[in-house]
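Enquirer: Here is my input; please provide its structure:
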Amino acid sequence: MKGLLSLTAGLASLTVPSALSATSLSVGNEMTNACFEAASIKRANDFAISRCSLALRTEASTGGDRRVATLVNRGILLMLNEQSASATRDFDEAISIDPTESEAWLGKAVEAWKAGDDRSAAGFANRALELRTERPALAYFVRGLANEGMGNVRGAYSDLNTAQSLDPRWSEPAAQLARYKVIRR
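Expert: As a prediction, this is how the structure comes out:
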């Protein structure tokens, strides 16, 4: 039960204007639903984040899927609000509860990439892809940029091409591919 969320994250002069998937539940308390809604429309302000925190406190005993979803949603809001350390803590906690939560792995990939940790970003993006993230184009894009940062130009080019083919309306992969000159031998 996933919903879409647009994400803007930058490193140097590059941006990732694609979408991470907010984790949603069709049932839940008012705060859980408000947290998902805020993540879905990118309302990354203190009020929205506090609603997610309240949902986590009121659902502390529930655990499971509802807690994981709310942690991922709050992590996304924190990421959008440039609170990287807190976002990463939420993604880590979500993964500790459910190691198969692909969107938490994708969030960790974006955060590692933003921090300049290309090796971790590529590994986290790989894990998100293995777990069938709702946003594979973003995972390939982040992995492509991470590969480039590690000197794997062929891998970077391949991943950026894959990102572009998966989401042809997203302009950023094409913009990054335009920096490449392919020489056939």
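Enquirer: Tell me which residue lies nearest the centroid of the protein.
Expert: The chain has residue 107 as the residue nearest its centroid, 3.2 Å off, counting by CA atoms, centre = their mean.
Enquirer: What sits closest to that residue if chain neighbours are left out?
Expert: residue 91 (4.5 Å; CB to CB, 6 or more residues apart in numbering). (Each C-beta comes from the backbone N, C-alpha and C, glycine too.)
Enquirer: Quick one: find the helix or strand in this structure with the lowest mean pLDDT.
Expert: strand 2-6 (a mean of 28; mean pLDDT, DSSP states H and E).
Enquirer: related to what we said a few turns ago, for the residue nearest to the centre of the chain, give me the pLDDT.
Expert: With respect to pLDDT, residue 107 has a value of 96.
Enquirer: now for the top helix by length along the chain, which elements pack on it?
Expert: Taking DSSP state H as the criterion, the chain has its longest helix at helix 64-80. If contacts are counted by 3 or more CB pairs under 8 Å, 6 or more residues apart in numbering; DSSP states H and E, helix 64-80 sits against strand 19-23, helix 30-40, helix 46-58, helix 84-97, helix 102-114.
Enquirer: Residue 158 is nearest to which of the ones you listed?
Expert: Residue 158 sits nearest to helix 102-114 of all the helices and strands packed on helix 64-80, at 16.9 Å, using CB to CB.
Enquirer: Would you mind giving the orientation angle of that closest one with respect to helix 64-80?
Expert: Calculated by axes from the mean of the first three to the mean of the last three CA atoms, to 10 degrees, helix 102-114 forms an angle of 20 degrees with helix 64-80.
Enquirer: Is residue 119 in contact with residue 146, as I believe?
Expert: Yes: between residue 119 and residue 146 there is a contact under CB atoms under 8 Å: 7.4 Å.
Enquirer: more neighbours, the two?
Expert: Counted by other CB atoms under 10 Å, residue 119 and residue 146 do not tie: residue 146 has more neighbours, with 28 against 11.
Enquirer: element containing that one, please.
Expert: Using DSSP states H and E, residue 146 maps to helix 136-149.
Enquirer: between the helix or strand following that helix and helix 136-149, how big is the angle?
Expert: With elements assigned by DSSP H and E, the helix or strand that comes after helix 136-149 is helix 153-166. Interaxial angle, helix 153-166 versus helix 136-149 (the same axes, to 10 degrees): 160 degrees.
Enquirer: All set now, cheers.
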